[in-house]
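Trainee: What follows is a protein structure lacking sequence information:
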């Protein structure tokens, strides 16, 4: 259902959409850490669109990662939207230092101006 709606939005010429929601289900195999704060990042847009996503507003001592089933990319990721117009990432916030603040959120931005806020998570 979500994929169908996303495809209709993409085909109608609407801009890229970034939606952050709680992560449910099993972790992707490439997930970096079981202790990471995880969110689902759903990217919708025109099929074939080339995008660069990057994480900003991350607290010092935390590392953001964009994970697929095969790989996790720290800080940023480049992608080409598939024919469905939908890509899903497991977005992780990893606290790498005990001296880091106990919470961090993030803002995910794309090269075409779309953005989404990742709520602050504690680890």
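Mentor: Noted; the coordinates are in hand. All values reported here derive from a predicted model rather than from experimental measurement. Residues are numbered from 1 along each chain as shown.

Trainee: if I look at the residue lying closest to residue 61 once chain neighbours are set aside, how far off is residue 49?
Mentor: Closest residue to residue 61 apart from its sequence neighbours, by Cβ to Cβ, 6 or more residues apart in numbering: residue 100 at 2.4 Å. All C-beta spots, glycine's among them, are computed from the backbone N, C-alpha and C. Separation of residue 100 from residue 49 (Cβ to Cβ, to the nearest Å): 34 Å.

Trainee: okay, the two: which has more neighbours?
Mentor: Set residue 100 next to residue 49 and count neighbours by other Cβ atoms under 10 Å: residue 49 wins out with 19 against 16.

Trainee: residue contacts, that one?
Mentor: 16, 80, 81, 112 (Cβ atoms under 8 Å, 6 or more residues apart in numbering).

Trainee: so how far is residue 111 from it?
Mentor: From residue 49 to residue 111 the distance is 10 Å (Cβ to Cβ).

Trainee: Remind me which helix or strand residue 106 belongs to.
Mentor: In this structure, residue 106 sits in strand 103-110 according to DSSP states H and E.

Trainee: who does the residue positioned nearest the centre of the chain bridge with?
Mentor: The centre of the chain sits closest to residue 41, judged by Cα atoms, centre = their mean, with a distance of 3.8 Å. Beta bridges link residue 41 to residue 20, residue 89, judged by DSSP bridges.

Trainee: which residues do residue 49 and residue 111 both contact?
Mentor: Shared contacts of residue 49 and residue 111, defined by Cβ under 8 Å, 6+ apart, are absent.

Trainee: Three-state assignment for the most far-flung residue of the chain relative to its centre, please.
Mentor: Most distant residue from the mean C-alpha position of the chain: residue 99, 25.2 Å away (Cα atoms, centre = their mean). With DSSP: H, G, I helix; E, B strand; the rest coil as the basis, residue 99 sits in coil.

Trainee: tell me the mean pLDDT for stretch 85-104?
Mentor: Confidence over stretch 85-104 (mean pLDDT, whole number) is 93.

Trainee: brain fart, stretch 19-26
Mentor: Stretch 19-26 comes out at a mean pLDDT of 91.

Trainee: that older thread, run a quick neighbour tally on the closest residue to the residue farthest from the centre of the chain other than its chain neighbours.
Mentor: The spatial neighbour of residue 99 that comes closest, neighbours along the chain excluded (Cβ to Cβ, 6+ apart), is residue 61 at 6.2 Å. A count of nearby residues for residue 61, using other Cβ under 10 Å, gives 14.
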